[in-house]
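what's the 3D shape of this:
(2 chains, ligands or ions: 2)
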Amino acid sequence: MSEVQKQAPIVCESVKRFYQQGDVTVKALAGVTLTIESGEFVSLSGPSGSGKTTLLNCVAGLDIPTSGEVYLIGNRVSQMSKSQLADLRLRSVGFVFQSYNLVPVLSAQENVEFVMELQGISRTERAERARAILQEVGLAGMEHRRPAELSGGQQQRVAVARAVASRPQLVLADEPTANLDSKTSGALMDMMREMNAEHGITFVFSTHDKLVMSRARRLIKMHDGLIESDEIQS
Amino acid sequence: MSTISPGLVWRLSSRNIWRNPKRSLFTLLAIAVGIWSALSLSAFTRGLNQTLVLKAINNLTGHVKVMHSDYHRDPVVQHRISMPGDRELEILNSVNVKKWAARVRVPGVIMSERESYGVNIVGIDPAQEVNLSFVGEGIAQGRELKGPEDEGVLVGKKMLELLQTDIGKRIVLMSEGEAGEIADRGFRIVGVFDAELEATERVFVFTGRTVLQNMLGIGDDVSEVSMRVVDGEQDLVKTELKAALPNDDVETWETLEPLTVAMRDVQSGFLHIWNIIVVVAVGFGLVNTMFMAIFERTREFGLFRAIGMRPAMIYLQVIGESIVLLICGALLGNSIGLLTVHYFADGLDLSRFAQGLEHFGAGRIVYPILRTDDVVVSNVTIVVLAMLSTIYPAWRAARLEPVEALSKI
Ligand SMILES: Nc1ncnc2c1ncn2[C@@H]1O[C@H](COP(=O)(O)OP(=O)(O)OP(=O)(O)O)[C@@H](O)[C@H]1O
Ligand SMILES: [Mg+2]
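Ligands and ions are numbered 1, 2, ... in the order given. A predicted model of the protein is given here:
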């Protein structure tokens, strides 16, 4: 594999992740080789327990593969310290989780500003970017609400806004629509696609939802810790 | 790049206080109550100690006493000393000594027409006793002694009762004279003194020093020189006097009143035990609430770490939250503590319990004494404790593995 390819947002080479459960070895990832290029919009699907979350965690450096190599934005994850990884995530990766994405004591706008504040972006720029992006995701006027005062769909939109506001190269989303109805899921997907198209951010999201999968440009299906199929959709 | 954003740390710390107001209030109150109880208890114990010690010192002991080397063991007339000479007077009249008195004090018997009792016969110069001992504080009935030549006798109220006599009536005082003979003479009761302790009223009988010296045939000799000294100079004065009088016994009240010292130490011991109980209770409360707070936020900390927040920032935000509570709690505790002491500044009347307290030699009214070192120790103890009980939970929070934390429901 050439060095150029390793500059891609995600490169996985025979990534295995085994969990020891008593006498049983669970092969959460049984050897995944995968490259995701800049600007892609990828869905990761497969039955429950197929290894989607494990793969996303290994890619983000939150979990350590048993063997194999992960390159995240050109960095060999296995050779980085925890704090280097934390910095890399802060600088270049946005996250959307299935639930519990937001800090309950901060308002929607403060949540969106959160990553930018950690990055050391000035107060005025933060506020400006946060307001613009909240408007973009259709939450204008709700900047000062706390997460508890927003619906589940609105909360996920704030989470996506936070993930993209810091202008990462890559957004990893683990079942971002799992708690949403189909209409709200569709709207959230449209929004992510727009971010992908307009800002060139690479998106990788795991999902069980057929409708969500249908909006992806590249569809990766997993089964028992292996990639079962990997196709480009028209 | 990712350093610590103080603004964000502060925002998270301060908002988290309001996240669970009940728990924050509990933490704050635990700290406040801890400091309040430590402050007011030490103030009252100090006050109780003070009355205890004052009573002992007032009871003809003084801070320092000079005696014949055998007098303490066997307080008879033969074990006497001469009146202070020039070298002693220089020390006694120095700035370190507030008041001093030379007394004759021998065991003897007082007899009325009906009864007789064993007593301590004390010959005094009344002017020297003012601000030094309880006899100098005035009497209940009759008149005071006018000088060392006064031939009148002062007895305690209880003794007057026991003797079944009255002011103006005659009594006989009897003791062993200089040469071992019986020395006695008749006196007239001129006044009655009132002491807080009944024992004091029963034990002491006072007359003029010269009169008693003549009765015993001891010339100008005395039994003891007792003094009150400037705070903290007790040991210095003792050393100086000992150097001037190598053959005499020079003792501080701590040696002369071992019971009072024991009592004081028991009181201080109780105070320490109580303080330890409070500190342990407050400590457990704090550790518990902090762990609860962190347990509730496990997923949030996981999210922070996943996003790329440095562990130090998580640590600081947890510590920051408790520092705010700590400062508020400490302010509250100190204010209530000071108010409590101030409220009882005119004395806490313990007369209802005085019967019991008398056995401890304490007075009826306790004046709380708030010493700066007690305030500092109380505050430092609680603050250090509260910090310690936060550091571990905060450290645990900062160390959480992001994936594990996030997977907790
Ligand atoms: N910490 C762990 N310890 C032991 N086994 C684990 C652990 N995490 C995951 N596994 C196992 O690894 C396998 C893959 O899990 P993973 O969470 O990646 O699946 P998934 O595809 O995300 O499933 P879902 O769609 O339900 O989220 C499962 O069999 C799971 O039980
Ligand atoms: Mg999963």
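
Run through the neighbouring helices and strands of the lengthiest helix in chain A.
As assigned by DSSP state H, the longest helix anywhere in chain A is helix A:182-199. Helix A:182-199 is packed against strand A:41-45, helix A:152-165, strand A:170-174, strand A:202-206, helix A:210-214, with contacts defined by 3 or more C-beta pairs under 8 Å, 6 or more residues apart in numbering or on different chains; DSSP states H and E. In short, each C-beta sits where N, CA and C put it, glycine included.

hang on, residue B:17 packs against residue B:321?
Yes - using C-beta atoms under 8 Å, residue B:17 makes contact with residue B:321 at a distance of 5.9 Å.

between those two, which one's more packed in?
Remark: of residue B:17 and residue B:321, residue B:321 carries more neighbours, 25 against 20, as counted by other C-beta atoms under 10 Å in any protein chain shown.

so the more buried one sits in a helix?
Yes - Residue B:321: assigned to a helix according to DSSP: H, G, I helix; E, B strand; the rest coil.

What is the burial count for residue 199?
Assuming you mean chain A. 12.

actually chain B
Residues near residue B:199, counting by other C-beta under 10 Å, number 14.

quick one: what helix or strand has it in it?
helix B:198-203 (DSSP states H and E).

Pick out the residue of chain A closest to chain B.
Relative to chain B, the nearest point of chain A is residue A:90 (2.8 Å; C-beta to the nearest C-beta).

which SS state does that residue fall under?
Assignment for residue A:90 (three-state DSSP): helix.

same deal with the one 5 residues further on?
Following three-state DSSP, the label given to residue A:95 is strand.

was I right about residue A:146 contacting residue A:107?
Yes - Residue A:146 is within contact range of residue A:107, at 5.8 Å (criterion: C-beta under 8 Å).

Comparing these two, which residue is more hemmed in?
Set residue A:146 next to residue A:107 and count neighbours by other C-beta under 10 Å: residue A:107 wins out with 21 against 16.

Run through the residues that contact residue A:214.
By C-beta atoms under 8 Å, 6 or more residues apart in numbering or on different chains, residue A:214 lies in contact with residue A:233.

same question, residue B:295
Contacts of residue B:295 by C-beta under 8 Å, 6+ apart: none found.

what helix or strand does it sit in?
Element membership for residue B:295, per DSSP H and E: helix B:258-296.

Give me the buried positions along that helix.
By neighbour count, with 16 or more other C-beta atoms under 10 Å in any protein chain shown as the criterion, the buried positions of helix B:258-296 are B:260-261, B:263-264, B:267, B:271, B:275, B:278-279, B:282-283, B:285-290, B:293-294.

Next, the buried residues of stretch A:48-56.
A:50, A:51, A:52, A:53, A:54, A:55, A:56.

likewise stretch B:312-323?
Applying 16+ other C-beta under 10 Å to stretch B:312-323 flags B:313, B:314, B:315, B:316, B:317, B:318, B:319, B:320, B:321, B:322, B:323 as buried.

Any stretches of chain A with poor pLDDT?
Low-confidence segments of chain A, defined by pLDDT under 70, are located at A:1-6.

near chain A, from the buried residues of stretch B:312-323?
The subset of these within reach of chain A, by C-beta under 8 Å from any C-beta of the partner chain, is residue B:313.

Show the low-confidence segments of chain B, by residue range.
For chain B (pLDDT under 70), the answer is B:1-3, B:351-364, B:407-409.

Can you pull up the residues of it that come close to chain A?
So chain B meets chain A at B:1-3, B:5, B:7-8, B:11-12, B:15-16, B:18-19, B:299-300, B:303, B:305-310, B:313, B:402-403, B:406 (C-beta under 8 Å from any C-beta).

please redo it, this time with the cut-off set to 7 Å
B:1-2, B:5, B:8, B:12, B:15-16, B:19, B:299-300, B:303, B:306-310, B:402-403, B:406 (C-beta under 7 Å from any C-beta of the partner chain).

List buried residues within the residues you listed.
Taking 16+ other C-beta under 10 Å as the criterion, what is buried in those is B:2, B:5, B:8, B:12, B:15-16, B:299-300, B:303, B:306-310, B:402-403, B:406.

so which strand or helix has the residue nearest to residue A:225 when sequence neighbours are not counted?
In space, and not counting its chain neighbours, residue A:225 is closest to residue A:30: 3.7 Å by C-beta to C-beta, 6 or more residues apart in numbering or on different chains. According to DSSP H and E, residue A:30 maps onto strand A:24-36.

hmm, that strand touching ligand 1?
Yes - using C-beta under 6 Å from any ligand atom, strand A:24-36 reaches ligand 1 at A:26, A:28.

Name the strands paired with that strand and say parallel or antiparallel.
strand A:10-21 (antiparallel) (DSSP bridges).

Of all the residues in the partner strand, which ones are buried?
So for strand A:10-21, counting by 16+ other C-beta under 10 Å, buried means A:10, A:11, A:12, A:13, A:15, A:16, A:17.

Just give me the closest of these to ligand 1.
Closest approach between these and ligand 1, by C-beta to the nearest ligand atom: residue A:17, at 7.7 Å.

Please tell me I have it right and that closest one contacts residue A:54.
Yes - counting by C-beta atoms under 7 Å, residue A:17 touches residue A:54, with 5.3 Å between them.

what touches both of the two?
By C-beta atoms under 7 Å, 6 or more residues apart in numbering or on different chains, residue A:17 and residue A:54 have these common neighbours: A:28, A:29, A:63.

Pick out whichever of the residues you listed sits closest to ligand 1.
Nearest to ligand 1 among the shared contacts of residue A:17 and residue A:54 is residue A:28, at 3.2 Å by C-beta to the nearest ligand atom.

Provide a list of residues in contact with the spatially closest residue to the closest one that is not a sequence neighbour.
Closest residue to residue A:28 apart from its sequence neighbours, by C-beta to C-beta, 6+ apart: residue A:54 at 4.2 Å. Contact analysis of residue A:54 by C-beta under 7 Å, 6+ apart lists A:17, A:28, A:29, A:63.

Pull up the residues of chain A that are close to ligand 1.
A:19, A:21, A:26, A:28, A:46, A:48, A:49, A:50, A:51, A:52, A:53, A:54.

any idea how far residue B:403 is from the fourth one?
Same thing as residue A:28. Separation of residue A:28 from residue B:403 (C-beta to C-beta, to the nearest Å) stands at 12 Å.

For these two, list the residues in contact with both.
Jointly contacting residue A:28 and residue B:403 under the rule C-beta under 7 Å, 6+ apart is no residue at all.

To residue B:229, which of the helices and strands packed on helix A:182-199 lies closest?
Smallest distance to residue B:229 across these (C-beta to C-beta): 73.4 Å, for helix A:152-165.

Name the surrounding residues that touch that closest one.
A:94-96, A:101-102, A:108, A:111-112, A:114-116, A:129-130, A:133-134, A:137-139, A:142, A:147, A:150, A:171, A:176, A:179-180, A:184, A:188, A:191-192, A:195, A:199, A:201.

residues contacting the most centrally placed residue in chain A?
In chain A, the centroid-proximal residue (C-alpha atoms, centre = their mean) is residue A:172; its distance is 1.1 Å. Contacts of residue A:172 were listed using C-beta under 7 Å, 6+ apart, and they are A:56, A:59, A:60, A:93, A:95, A:204.

Out of those residues, which comes closest to ligand 1?
residue A:56 (8.0 Å).

Report whether residue B:100 is found in a helix, as I expect.
No - residue state for residue B:100 (three-state DSSP) corresponds to strand; a helix is not indicated.
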